[in-house]
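# How does the following fold in three dimensions:
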Amino acid sequence: MLDMEQARFNMIEQQIRPCEVLEGRILDLLKKVRREHFVPEDKREMSFMDMEIPLGHGVSMWQPKLEARAVQELHLGRLDKVLEVGTGSGYLTVLLSMLAGHVTSVEIVPELSAMARQHLHAYHRENITLEIGDAARGWGNGVKYDVIVLTGSTPMLPVAFQNSLNIGGRLFAIVGDAPVMEARMINRIAQDTFETVDIMETSVAPLQNALEPKRFVF
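Numbering: from 1, shown residues only. Prediction:
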């Protein structure tokens with residue numbers, strides 16, 4: 001029988017901290033939110049491993065260090081309005097909701113959204129809105145957000161996401177093609193000024209209907 005608390009401790013000390021996640025409130029959150037509650041039952045033993053966990057429908061939970069690093073890099077505040085593209089298991093959703101003002105999470109697969117709703121029920125978060133739809137190229141019809149997180153990769157980043165940021169807003173996206181992609185933070189400094197910082201190399205499955213560049217065919 002896996003000792004969940006020991007496994008959680010090992011995850012934080014051996015995966016999260018070495019990935020430069022050192023902010024106390026993030027580490028406390030990882031202790032408080034039970035990651036194993038968001039993992040499919042037949043994969044519970046994998047809850048704290050340094051790997052993606054398949055959720056079905058071609059979607060996987062991120063590695064724990066990627067989740068933690070994304071949350072830290074976003075510098076979430078209590079008034080932040082967040083858009084999450086790809087609800088998945090709901091684990092990242094609840095982490096975001098505990099640091100931000102409100103999270104709108106959009107999932108294209110209804111079954112995954114229903115599963116996430118069940119997982120989130122135990123946390124009684126009233127600042128989460130779950131929606132079903134295709135947000136791979138933007139969402140909200142002109143609604144502005146302080147923070148946007150794409151949980152699947154995109155070969156090209158649609159400009160709609162940057163345009164949906166408030167001034168001072170932050171966008172976390174994984175951009176590029178397998179096997180090497182770049183986890184990237186984009187900050188909106190002013191109306192027409194954006195700052196892009198590459199955080200780490202990684203590789204995750206693309207969002208359904210992600211924007212593709214025009215590819216040359218020989």
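
# can you point me to the longest helix in this protein?
The residue-count maximum for a helix in the chain (DSSP state H) belongs to helix 110-121.

# Show me which residues of it are buried.
112-113, 115-116, 119-120 (16 or more other C-beta atoms under 10 Å). C-beta: built from backbone N, CA, C; applies to glycine.

# okay, the closest residue to Val21 other than its chain neighbours: pLDDT?
The shortest distance from Val21 to any residue other than its chain neighbours is 4.4 Å, reached at Ala68 (C-beta to C-beta, 6 or more residues apart in numbering). Listed pLDDT for Ala68 reads 98.

# for the one 10 residues further on, same thing?
The model reports Arg78 with a pLDDT of 97.

# do Lys214 as well
For Lys214, the model assigns a pLDDT of 81.

# Report the separation between it and Met98.
41 Å (C-beta to C-beta, to the nearest Å).

# So which of those two has more stuff around it?
Met98 (18 against 6; other C-beta atoms under 10 Å).

# Do I have it right that that one meets Ile26?
No. Look at Met98 against Ile26 with C-beta atoms under 8 Å: they stay out of range, at 10.2 Å.

# about what we covered before: just the buried residues of helix 110-121 now: which is nearest Asp50?
His119 (21.6 Å; C-beta to C-beta).

# Can you tell me the closest non-neighbouring residue to that closest one?
In space, His119 is closest to Gly90, 4.4 Å off (C-beta to C-beta, 6+ apart).

# Count residues in the vicinity of that neighbour, would you?
By the measure other C-beta under 10 Å, the count of residues near Gly90 is 28.

# One more: the one 3 residues further on?
Using other C-beta under 10 Å, the number of residues around Thr93 comes to 28.

# That one - nearest residue in space that isn't next to it in sequence?
Going by C-beta to C-beta, 6+ apart, Thr93 has Ser105 as its nearest residue, at 4.8 Å.

# and the one you found, what helix or strand is that in?
strand 102-107 (DSSP states H and E).
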